[in-house]
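K.L.:
Need the 3D shape of this:
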Amino acid sequence: MKSQDSAFWKEAINDEMDSIMGNQIWILIDLPPGSKPIGYKWIFKKKMKVDGTIQKFKARFVAKGFTQKQCINYFDTYALVEMIATIRLLISLTSIYNLVVHQMDVKTAFLNGKLEEEVYMEQLEGFVVPGQKHKVCKLVKSLYGLKQAPKQWNQKFDNVILASGHKINEPEKCIYSKFENGKGVIICLYIDDMLIFGTDLEKMENTKKFLLNNFAMKDMGVVDVILGIKITRDESTIVLSQSHYIEKVLKKFDLLNCISASTPMDPQIKLVSNAGRKIDQLKYASLIDFLMYIMTCTRPDIAYVVGKLSRYTSNPSSLHWQALNRVLRYLKKTINYGLCYNGYPSVLEGYSDASWITSLEDHAFTSGWIFVLGVEAISWGSKKQTCITDSTMAVEFIVLAAASK
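P.N.:
As a prediction, this is how the structure comes out:
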């Protein structure tokens, strides 16, 4: 390695190999006749803090799962993750019932699952066992990159957590709870990131001790950032925001010093297909992706315009790009906006609305909805409906059906 950070990357590689060897991921055998080993590669990433400094140099060893053949070395590939709305719901309940919230990170989570299929892999360059160069690795546990790795990790975690008396939430199977005499914890798992909501510190510490005894984990203490969402808490409120993420997007698209805008969309601009010169489709789709994530996590105020502009991803023009930049300029002005949960009474309410035949191109209508717990938003959406209606009453029923899903 010639990078100025080579010492850090080498340390990260050694840490990854220690995890793999410690978990006894494979055994060396002669390749069975008719079998073909899959390849591997290294992925390097710098994990950043909210303030932009480097938190960790991360090296991940992954199998080339794209070379696997279905029904030969993998079968099912599903993986369960909870919805962002569920995290917001739990944060809202935290503000109402004054829960304790801590965060844990599962180290090399996918290495925990046991494989049910026979998978063979080439030995690692630089780590070939002397005298056994002709042999291959037979994987006995899952590895990052394998198609079935997420499923195997979910199954392993379920088996351990359910055996300890926790209950799984059927509608959202990555949520686990355990309560006794009104006290307990709720565990929220998102792949290898974990939030633990507890009624008191004693229950919290007991749960973390149990998890640390069963998995290689990092205790990150009181939650600060989860999935790119900054969580700020004081005595009376919890605020979810993404100012650091928005700043990163502004910088990426050279709009950090742009003139801000007061609204996310110019009402004078009529968005239609094939208007203006064509622009880079990949760049347009990339910005849509960033804005979608911001909208989905903490900013319902840009849901309509992002949904509208995403319809032109296949053939974007300069007019659509101008409108996208307007959204970024609005986010710059409102960079510190967020969702504030202040513990008001827990009454769940939902609101929906729709515009009828406002599209100039296909007469489709756009629906929108939001659900609040107390006065805090926990779920929302804006969507172009595919059906054509002949009355405003029919529109309202369709929107209600979409919102209730």
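
K.L.:
dump the residue contacts of Lys36.
P.N.:
With contact set as Cβ atoms under 8 Å, 6 or more residues apart in numbering, Lys36 has these partners: Tyr120. Every residue, glycine included, has its C-beta placed from N, CA and C.

K.L.:
What residue, apart from its backbone neighbours, is nearest Arg60 spatially?
P.N.:
Nearest-residue entry for Arg60: Ile43, 4.5 Å, with adjacent residues in sequence omitted and distances by Cβ to Cβ, 6 or more residues apart in numbering.

K.L.:
Show me what the strand or helix carrying that neighbour packs onto, helices and strands only.
P.N.:
Taking DSSP states H and E as the definition, one finds Ile43 inside strand 40-48. Judged by 3 or more Cβ pairs under 8 Å, 6 or more residues apart in numbering; DSSP states H and E, strand 40-48 is in contact with helix 6-22, strand 54-63.

K.L.:
and this protein, what are its domains?
P.N.:
6-227, 241-338, 344-404 (automatic domain parsing).

K.L.:
Present the ones you listed as TSV; the columns should include mean pLDDT and distance to Glu235.
P.N.:
Converted to TSV, the domains of the chain look like this (pLDDT from 0 to 100; distance: least, Cβ to Cβ, whole Å):
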stretch	mean pLDDT	distance to Glu235
domain 6-227	88	10
domain 241-338	92	17
domain 344-404	78	15
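
K.L.:
okay, those domains in CSV with distance to Asp234 next?
P.N.:
Conversion of the domains of the chain to CSV gives the following (distance: least, Cβ to Cβ, whole Å):
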stretch, distance to Asp234
domain 6-227, 11
domain 241-338, 13
domain 344-404, 15
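
K.L.:
in the stretch 251-400 of the chain, which spans are helices?
P.N.:
With DSSP state H, counting those that start in this stretch, the ranges of helices along the stretch 251-400 of the chain come out as 281-297, 303-309, 318-333, 392-404.

K.L.:
what's next to stretch 243-258, contact-wise?
P.N.:
For stretch 243-258, the external contacting residues (Cβ under 8 Å, 6+ apart) are 50-52, 228, 230, 287, 290-291, 293-294, 325, 328-329, 331-332, 335-336, 338.

K.L.:
Let me know the secondary structure of the residue lying farthest from the centre of the chain.
P.N.:
The C-alpha centroid of the chain is most remote from Gly131, which lies 43.5 Å away (Cα atoms, centre = their mean). In terms of secondary structure, Gly131 is coil; the call rests on DSSP: H, G, I helix; E, B strand; the rest coil.

K.L.:
Can you give me the distance of it to Leu28?
P.N.:
10 Å (Cβ to Cβ, to the nearest Å).

K.L.:
Pick the most deeply packed of the helices and strands packed on strand 40-48.
P.N.:
Across those, the average number of neighbours (mean count of other Cβ atoms under 10 Å) peaks for strand 54-63, which reaches a mean of 16.

K.L.:
Point out the other helices and strands that the helix or strand following that strand packs with.
P.N.:
Secondary structure here is assigned by DSSP H and E; on that basis, the next helix or strand after strand 54-63 toward the C-terminus is helix 84-97. Contacts defined by 3+ Cβ pairs under 8 Å, 6+ apart place helix 84-97 against strand 183-190, strand 193-198, strand 238-241, strand 338-341, strand 366-373, strand 376-384.

K.L.:
Now do helix 84-97: everything it contacts.
P.N.:
By Cβ under 8 Å, 6+ apart, the residues outside helix 84-97 that reach it are 99, 101, 172, 175, 186, 188, 190, 195, 197, 199, 226-227, 229, 231, 237-238, 240, 296-297, 339, 341-346, 373-374, 376-379.

K.L.:
the inter-axis angle of whichever helix or strand comes after it versus strand 183-190?
P.N.:
For helix 84-97, the succeeding helix or strand toward the C-terminus, using DSSP H and E, is strand 100-106. Note on geometry: by axes from the mean of the first three to the mean of the last three Cα atoms, to 10 degrees, strand 100-106 and strand 183-190 are set 40 degrees apart in direction.

K.L.:
Check which helices and strands strand 100-106 sits against.
P.N.:
Using 3+ Cβ pairs under 8 Å, 6+ apart as the test, strand 100-106 ends up in contact with strand 193-198, helix 201-214, strand 217-222.

K.L.:
partners of the first one in the sheet?
P.N.:
Looking at strand 193-198 with DSSP bridges, its paired strands and their directions are strand 100-106 (antiparallel), strand 183-190 (antiparallel).

K.L.:
same deal with the last one?
P.N.:
On the basis of DSSP bridges, the sheet neighbours of strand 217-222 come out as strand 100-106 (antiparallel).

K.L.:
Using neighbour counts, pick out the buried residues of the strand it pairs with.
P.N.:
Buried residues in strand 100-106, defined by neighbour count with 16 or more other Cβ atoms under 10 Å: 100-104, 106.

K.L.:
Same check on stretch 260-275?
P.N.:
If you call a residue buried by 16+ other Cβ under 10 Å, then stretch 260-275 has these buried ones: 261, 264-265, 271.

K.L.:
Next: stretch 121-136.
P.N.:
For stretch 121-136, using 16+ other Cβ under 10 Å, the buried residues are 121, 123, 135-136.
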